[in-house]
Each structure stands twice: as structure tokens, then as C-alpha cells.
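Engineer: here are the coordinates; sequence isn't available:
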């Protein structure tokens, strides 16, 4: 196993994001984030964003290091692939399907050429947490992404639905706050109404489903949003949970990164 270290230092699109005047506020913690904001909790509730930073680094590694593709060996190691899928690529045990070509195409993007054990490399990753904060400000709140896991004492929360979003595109779901629990997203500050009646008990989280919101869309389906659970191709937003390829908001979050190897 090569001694490899990757540093996720966002550049490119992230620099453009930094230049956006709408993000320049006197007190960003108070004005742009919930009172109990934690970037660690946001990453936990939105593993697809973390997966995109990792995948971005894999792309750079494969493009710059000159190793030949070892895809066959990667695909043959189902134990390694399962570990990568569940712990780094944003899948859950229920959404992972080795017979699904679209999901396997996505998972292959985590294959580092010339590296025998990707997990050992991914464990050394230092995430650029500022990128996640800017993603929430620019996109996450509008998309209704959960910003943390639901708390044990939060009961009878209203499940997230279209009735909670504003018709104004720039506002979207930003009028409310959301949490994630065991494959579902709940509105923290919503009251049940005739238009939004669904009150559901917060499910008990298991180790495999914690903070990974489910998806109603199969991988590869054309969808305007993905609530996690599975990779969704051609999705404009991934609302908490698992990877959504070609997502405009997530691309800004992962950006282009620089890498170093020792």
C-alpha cells in the first residue's frame, strides 16, 4: 500500500463562490446559519457533499499520477467496494446494489488507479469545511437540506414536502429548518396544516441509515431533486444524503481541489 495523503483544498469554482457578494456579510454565523449550526453535523447529514470532495480528489489523482486503470481489480474486491460505498460514497445498505449499472458507474469514480486500498487513503482526507459552509449558504438552505440530525426529544415533526417551499426560486425551502433521521428529512419548525398534514414520528436511527436521507428516485433517473439514498444522475439538487451526479449546487461545494502525495 502506497503512503498516500490527500488534502482537499478547494479552488476554482469555490473561489468564484467566495467572490459572490451575497455571501459577504458582517456576521455570517448569525445571519446565514441556524443558531446551533455545526459544520460537522452538516457533513454528517449530507454525506453526498463529502463524497463529491473525495471523488474530486480521485479524479485529480487518476489524471495526474500516470497510473493505468486497475478497474478490474477494484470491481473484483466486493469487500473494498462495499466499504467505499457505505462509508465514503454515500450509499446505504438498502440502496447499494451491485447489479445496478448506474450505481456501479458512480462507485467506480472512487477507484484510485495504482492504489490497492482506497479506504486507507480516504481515512487520511482533510476536508475543507469552509466549502460546506458556503454550500449551505448558497444552495443548501434553499434546497431544504437537513443541517443536522434530528434530536431524540424532537417528536411529531412534519416531514419535508413541497408545501413548505416558497414559489420564489431564490427562497425555496429557506424559510424553514430541517433535520435528518434514519433515511428521512423532517421540518424542525413547521406546524401541520391542511396543505402540509404529514406528521411522522422520528424513526430510530441504525448505524447504516443514520443521517442518510432516503431517495424516491432510482439511480440514473432524470430528476430535479434527490433526497439521498441513491446516486441520482442529472439532478439539480441532492437534498441531504447520497450522491447526486451533475448537481450544480454540489459541484460548487466540491469544486476543483489540489492534492499532494508522499
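Structural biologist: Ah, there it is. All of these numbers come straight from a predicted model, not from anything done at the bench.

Engineer: residue ranges with poor pLDDT in the stretch 51-200 of the chain?
Structural biologist: 194-195, 197-200 (pLDDT under 70).

Engineer: where do the helices sit along it?
Structural biologist: Shown for the stretch 51-200 of the chain, the helices assigned by DSSP state H, counting those that start in this stretch span residues 71-76, 78-87, 101-107, 118-122, 129-135, 141-143.

Engineer: which of these sits most buried?
Structural biologist: Among the helices of the stretch 51-200 of the chain, ranked by average contacts under mean count of other CB atoms under 10 Å, first place goes to helix 141-143 (a mean of 22). Heads up, the C-betas are built off the backbone N, CA and C, glycines and all.

Engineer: select, out of the helices of the stretch 51-200 of the chain, the one closest to residue 183.
Structural biologist: Closest approach to residue 183 among the helices of the stretch 51-200 of the chain (CB to CB): helix 78-87, 13.6 Å.

Engineer: save the helices of the stretch 51-200 of the chain as CSV, and put in distance to residue 39 too.
Structural biologist: Converted to CSV, the helices of the stretch 51-200 of the chain look like this (distance: least, CB to CB, whole Å):
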stretch, distance to residue 39
helix 71-76, 31
helix 78-87, 19
helix 101-107, 25
helix 118-122, 19
helix 129-135, 5
helix 141-143, 14
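
Engineer: out of those helices, the one nearest residue 61 is which?
Structural biologist: helix 118-122 (8.7 Å).

Engineer: thinking again about what came up before, and the helices of the stretch 51-200 of the chain: which comes nearest residue 50?
Structural biologist: helix 129-135 (8.1 Å).

Engineer: how much space between residue 174 and residue 54?
Structural biologist: Noted for residue 174: a distance of 27 Å to residue 54, by CB to CB, to the nearest Å.

Engineer: an error on my part: the question was meant for residue 43.
Structural biologist: 12 Å.

Engineer: which of those two has more neighbours?
Structural biologist: More crowded of residue 43 and residue 54, by other CB atoms under 10 Å: residue 54, with 25 against 16.

Engineer: ok, residue 189 - how many residues close by?
Structural biologist: Counted with other CB under 10 Å, residue 189 comes out at 12.

Engineer: cool, residue 163 as well?
Structural biologist: 14.

Engineer: you'd agree residue 131 is up against residue 53?
Structural biologist: Yes - Residue 131 is within contact range of residue 53, at 7.1 Å (criterion: CB atoms under 8 Å).

Engineer: okay, and the beta partners of residue 180?
Structural biologist: Beta-bridge partners for residue 180, by DSSP bridges, are residue 149, residue 185.

Engineer: and the helix or strand that contains residue 40, which residues are buried?
Structural biologist: Taking DSSP states H and E as the definition, residue 40 sits inside helix 39-45. In terms of neighbour count (16 or more other CB atoms under 10 Å), helix 39-45 has its buried residues at 39, 41, 42, 43, 44, 45.

Engineer: just the endpoints, please. Distance across stretch 85-96?
Structural biologist: End-to-end distance for stretch 85-96, by CA to CA, to the nearest Å: 7 Å.

Engineer: list the buried residues in that stretch.
Structural biologist: 85, 86, 88, 89, 90, 91, 92, 95, 96.
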